[in-house]
Structure formats: C-alpha cells, structure tokens
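Asker: this one's sequence-less:
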C-alpha cells in the first residue's frame, strides 16, 4: 500500500513534454525493428495488446539508474531472438495511465505479454542468464 501511494505521488508530478527521440525508431538492424517506444494508450493497444507476437514491456524512467543498465541488456537479448519477440518501452513519466493500469510500483518493471495477457513479470535488474530464461519461457523455446 505504501509503495502504491508513493507511486501515485510520483506519478502526480507534472508531466514533461515528450522528447523528439520518443518517436518510432527507424533503422535497418533487427534490434531497431523489434524494439519500439510506446507513443500513447492506443499505440500500446495496437502494438502490444493486439500483437500476434509475444511482447516484453519495459516500464522505465529517465531518472532510473537500474533502468539504464537493464534496458540495453534486454534490447540486445530481444534482438538476438530475430523477430520471435518484440520489446515495447514505456516511460512511466510520459504514460502514467499505463503504469497505473499495469500496477507498476517500481522501475524497472518488465512484463511478458502474450495474446494481450500478462504471463510473467519481474521487478528490478536481472543478469543476462536470467533475462535469457525469461525470454525463452515467453517464446516457448
């Protein structure tokens, strides 16, 4: 309960304008194609909930130190899956509604979603072996 109140207080802070870099990534590498920044609630619905592929959802924040370590590590491992899984990045400062809806009480929080349902979740930083196991479980490898 205390964590939820702390998160609600944090999420009640004024929202800063999104940076231009939050646009969809364009590039030719597999990592760029398989990882994207969520733009808004309808984008999340279209690209995550309605995705035919499993999706790893990384709830993070710019000010979060562990997020800066976990994010690139997770992106690298998702890229190695060669399109079997997608990765959606959700900045909780820009998308407080999604953070509340998915009960994110700390960052980083990572959800594994399949067919629109959360099938697995972890909070905090993980090493590469743990992340690989998380991804393999999600894609059924």
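Answerer: Cool, got the structure. Here the structure is a predicted model, which is why all the values come from computation and not from measurement. Numbers count the residues shown, from 1 in each chain.
Asker: for stretch 69-87, buried residues please.
Answerer: For stretch 69-87, the neighbour count (16 or more other C-beta atoms under 10 Å) marks 70-71, 74-75, 77-79, 81, 84-87 as buried. C-beta here means a position set from N, CA and C on the backbone, and glycine is covered the same way.
Asker: apologies, that question was intended for stretch 51-70.
Answerer: So stretch 51-70, judged by 16+ other C-beta under 10 Å, has buried residues 51, 54-61, 64, 67, 70.
Asker: hmm, back to that, just checking, which of the buried residues of stretch 69-87 belong to helices?
Answerer: 70-71, 74-75, 77-79 (DSSP state H).
Asker: quick check, nearest of the buried residues of stretch 51-70 to residue 135?
Answerer: residue 56 (7.1 Å; C-beta to C-beta).
Asker: in three-state terms, label the closest one for me.
Answerer: Using DSSP: H, G, I helix; E, B strand; the rest coil, the structure places residue 56 in strand.
Asker: for this structure, just list every one of the strands.
Answerer: 35-37, 55-60, 86-91, 109-114, 117-123 (DSSP state E).
Asker: reformat those strands as CSV; add distance to residue 130.
Answerer: Output for those, formatted as CSV (distance: least, C-beta to C-beta, whole Å):
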stretch, distance to residue 130
strand 35-37, 19
strand 55-60, 13
strand 86-91, 16
strand 109-114, 11
strand 117-123, 8
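Asker: with respect to residue 99, which of those strands lies nearest?
Answerer: That would be strand 55-60 among the strands of the chain, by C-beta to C-beta, at 6.0 Å.
Asker: what strands flank the closest one, and is each parallel or antiparallel?
Answerer: strand 86-91 (parallel), strand 109-114 (antiparallel) (DSSP bridges).
Asker: could the buried residues of stretch 51-70 be laid out in TSV, adding distance to residue 98?
Answerer: As requested, these are exported to TSV (distance: C-beta to C-beta, whole Å):
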residue	distance to residue 98
51	15
54	18
55	13
56	15
57	9
58	12
59	8
60	12
61	13
64	16
67	15
70	18
